[in-house]
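[1] Show me the folded form of this:
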Amino acid sequence: MIPATQWVKVYKANEDYKTLSVGATTPAIEIISLALDKMRINSTPDQFVLCEVKTNGAIREFKDDEISLLSQMSRNGRLYLKEKNKPETKLPPPPIPERPQNVQNLLLGFYFILFYFILFYLSQYYQ
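    Numbers count the residues shown, from 1 in each chain. Now for the predicted structure:
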C-alpha cells in the first residue's frame with residue numbers, strides 16, 4: 001500500500017535538490033510547480049518536464065498528467081527537472097550505492113567461516 005503523502009527529492013542538472021512532500025496521486029505538473037516554487041525558479045511549469053534518471057543512465061520523461069510517479073520509479077532512480085526547450089541538458093546518472101565497509105567485512109568473515117566448515121566436513125567424510 002502506498003502512503004497518502006511521500007517525501008521525494010527533485011534535482012536540478014547541477015545536482016542541487018529540494019525535498020518535497022507530495023501525495024500519491026499528485027500529477028507530474030504539480031510536482032514541477034512545487035519544485036519550481038521551492039527552488040525559487042521564476043518560470044511556468046509548462047516549460048519543464050520531470051525526468052527519472054536510472055542508475056544505468058537511462059532517462060524516462062513523465063507526462064504532465066501522469067500520477068503515482070513514485071510507485072513507477074526504479075529503486076535508485078532520481079527525479080530531475082529538465083527544461084523542455086533545452087533537450088541537450090546533460091543529466092548525470094545517480095550514483096550506484098556501495099555496500100558499507102562493515103558489511104563487506106562481515107561477508108568476508110562469513111565466507112571464511114563457511115570455507116572452514118566445508119573443509120572440516122570434507123575431511124570427516126573422506127577419512
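
[2] Now L34. Nearest residue, chain neighbours left out?
    L20 (5.1 Å; Cβ to Cβ, 6 or more residues apart in numbering). Just so you know, the C-beta spots here come from the backbone N, C-alpha and C atoms, and that holds for glycine as well.

[3] how close does that neighbour sit to Y111?
    Distance from L20 to Y111, counting by Cβ to Cβ, to the nearest Å: 42 Å.

[4] Also V53?
    34 Å.

[5] just checking, the residue nearest to L34 touches A35?
    Yes - with contact defined as Cβ atoms under 8 Å, L20 and A35 form a contacting pair (6.2 Å).

[6] neighbour-wise, which of these two wins?
    Comparing L20 with A35 by neighbour count (other Cβ atoms under 10 Å), the higher total belongs to A35, at 26 against 20.

[7] Let me see the mean pLDDT of whichever strand or helix holds that one.
    Assigned by DSSP states H and E, A35 belongs to helix 28-39. Averaged across helix 28-39, pLDDT comes to 92.

[8] So what touches that helix?
    8, 10, 12, 16, 18, 20, 22, 43, 45-46, 48-50, 62-67, 69, 79, 81 (Cβ atoms under 8 Å, 6 or more residues apart in numbering).

[9] where do the helices sit along this structure?
    In chain order, the chain shows helices spanning 28-39, 69-72, 101-125, with DSSP state H as the criterion.

[10] could those helices be laid out in CSV, adding distance to A4?
    Putting those into CSV (distance: least, Cβ to Cβ, whole Å) gives the following:
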stretch, distance to A4
helix 28-39, 15
helix 69-72, 12
helix 101-125, 33
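
[11] Contact partners for K84?
    46-49.

[12] filter those residues to the buried ones?
    Among the contacts of K84, the ones that count as buried by 16 or more other Cβ atoms under 10 Å are 48-49.

[13] In CSV, list the contacts of K84 along with distance to M73.
    Compiled in CSV, these are given as follows (distance: Cβ to Cβ, whole Å):
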residue, distance to M73
D46, 22
Q47, 23
F48, 18
V49, 15
